[in-house]
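Asks: No letters, just coordinates:
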């Protein structure tokens, strides 16, 4: 839905056909117009060409004035803000919130409305299959991690969802809009994408870069949005710096500010910490974590497993095909059996008898004083094992649940693919 | 649905102009090049005496007029051929293509941004030449160059030729993989249309007001067609992935 904004003439403060009076270019162009018309009258006096020449001068002037000055602006309605979000992330995003311990409290898959739904999506480049029959969905307010080795099809998937490339097969809906070429403009209005390279115009200032994108999104009140976006990424004081003078970390932050400008329904971040030093990476992590806190849906493409484990509610592991999907904890549980690790001061006497307690399915000795016990439920088995060890007179040093990281899951799946020749 | 959103086109123009202003060498080089070209023919004109034959005068003025037509053809490719492939090389194309802007709007904005300095320089140069000839050259030369239909043809053809060169430049820029190749190809591809205008420059076709207006209308139609063709050639997938999707889904590459 579009509306036409027409300001009263006294507020426009313009001369001629739409030039702003305050812009010197407007005065120069108007002066050239007057000189051109007078010149044509004097020089071409008595000639039949006089009138066409004057018409050409006026038409050229009007075209330039209308395209660069503009008396009226056709602007789009402000983009629809996701109903699941109570307020714009720009208003409340803080960067001084420290992330909690990297291993977060156990997460559950969010259960909000779907903002991204992908069904059997495939992409073929000639003979090469880049993405093969991928299906998943992302719910509102979720930080969704998309993991995979180089060439797994992560960026290709993002580009398909961002309407940059056309899928070879399958379907998807982005922000509730079916992914078709006809809906490209509407989808792009609802999303924001930060590619691996933030892609800033280095000769323009930070504010000018954002102003350009605010214009492309037809955002109302762009200056205020730019101010808030820069404040959100702690760059308020660098608005007038040329992007070419910024460090890579700061450019990444400008890129992130650009994605926040339009209050998108989904933000696609493609390797946002690629090439950043640990401090800059941590800052970006903090920003993403705060986006999650604010209920912004983030689609995070990365091959940094620590990043995914730290930030994502759910992750999908892709290697051309979708290998698995779930919360990091679900993936660990799915791939690895639960285990207790027992360490004692001396070898346990008759371990077969000692470990034959309720809840323990099998055991193996990793070392002479270290044992791994496969269990169905660690909470049930741990007290039984402790009692059995004490009764057997073993000097128990530690008993803990075996921890498998997302990296273990990832490596397990990728190794399987390598062995299968995929 | 409107063909273009004027606000988005203006946004693109403003950004492009800002980039030119930060890189003054672009415009400086554009202005300097035609001045160098003009030195020899201007010296020839000044050597023509009042008693020179009509054919001598016409030949000399024809060269000047042709150069005046060459200016709007050779200048725009310098900017236009960079417009898409340049963005791709500096990594700014992907963020722009993921923004809600139609290919036709993006290209039109870039075309307008290239048009303004090109036509401005071409007109400024023409005015300078007219003034110099008026006060420095023999009367016979001045009379031919200040011939009203000749002036009208110059005023009409300059922006239209520039537009043609711009669309050719942008069209090549959407397909080229390297800025230098794009610039060379664009300049080369813009030249054939000069044959069209050189007929009037050398007065093989006697310039008249109806002829100038008629030819200008033809050029205008060609320019509008070129914009639509180049917009159709603008394929996001080719630009990003290097090759277009070829399977049969009946989807146009750039409908939105």
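Replies: Okay, I see it. Quantities reported herein were computed from a predicted structural model and do not represent experimental measurements. Numbering: from 1, shown residues only, chains lettered A, B, ... in the order given.
Asks: What residues of the helix or strand that contains residue A:385 count as buried?
Replies: Residue A:385 is located in helix A:378-391, with elements delineated by DSSP states H and E. Residues of helix A:378-391 classed as buried by neighbour count (16 or more other C-beta atoms under 10 Å in any protein chain shown): A:378, A:381-382, A:385, A:388-389. The way it works is simple: take the backbone N, C-alpha and C, and place the C-beta from them, glycine included.
Asks: At the contact with chain A, which residues of the stretch 1-150 of chain B appear?
Replies: For the stretch 1-150 of chain B, the residues in contact with chain A (C-beta under 8 Å from any C-beta of the partner chain) are B:2, B:5-15, B:17-19, B:22-23, B:90-102, B:112, B:116, B:119, B:146, B:148-149.
Asks: what about residue A:254, how many neighbours?
Replies: By other C-beta atoms under 10 Å in any protein chain shown, 24 other residues sit near residue A:254.
Asks: wait, is it part of a helix?
Replies: Yes - using DSSP: H, G, I helix; E, B strand; the rest coil, the secondary structure at residue A:254 is a helix.
Asks: List the contacts of it.
Replies: For residue A:254, the contacting residues are A:198, A:200, A:206, A:209-210, A:233, A:235, A:243, A:246, by C-beta atoms under 8 Å, 6 or more residues apart in numbering or on different chains.
Asks: Please convert those to JSON lines, extending it with secondary structure, neighbour count and distance to residue B:218.
Replies: Shown next, in JSON lines, are the contacts of residue A:254 (DSSP: H, G, I helix; E, B strand; the rest coil; neighbours: other C-beta atoms under 10 Å in any protein chain shown; distance: C-beta to C-beta, whole Å):
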{"residue": "A:198", "secondary structure": "coil", "neighbour count": "25", "distance to residue B:218": "45"}
{"residue": "A:200", "secondary structure": "coil", "neighbour count": "26", "distance to residue B:218": "42"}
{"residue": "A:206", "secondary structure": "helix", "neighbour count": "26", "distance to residue B:218": "46"}
{"residue": "A:209", "secondary structure": "helix", "neighbour count": "27", "distance to residue B:218": "41"}
{"residue": "A:210", "secondary structure": "helix", "neighbour count": "27", "distance to residue B:218": "43"}
{"residue": "A:233", "secondary structure": "coil", "neighbour count": "23", "distance to residue B:218": "53"}
{"residue": "A:235", "secondary structure": "coil", "neighbour count": "21", "distance to residue B:218": "52"}
{"residue": "A:243", "secondary structure": "helix", "neighbour count": "20", "distance to residue B:218": "44"}
{"residue": "A:246", "secondary structure": "coil", "neighbour count": "19", "distance to residue B:218": "49"}
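Asks: hmm, back to that, out of the residues of the stretch 1-150 of chain B next to chain A, which are buried?
Replies: Buried subset of the residues of the stretch 1-150 of chain B next to chain A (neighbour count, 16+ other C-beta under 10 Å): B:5-15, B:17-19, B:22, B:90, B:92-102, B:112, B:116, B:119, B:148-149.
Asks: In this structure residue A:29 contacts residue A:62, no?
Replies: No - with contact defined as C-beta atoms under 8 Å, residue A:29 does not reach residue A:62; the gap is 10.3 Å.
Asks: neighbour count winner among those two?
Replies: residue A:29 (23 against 14).
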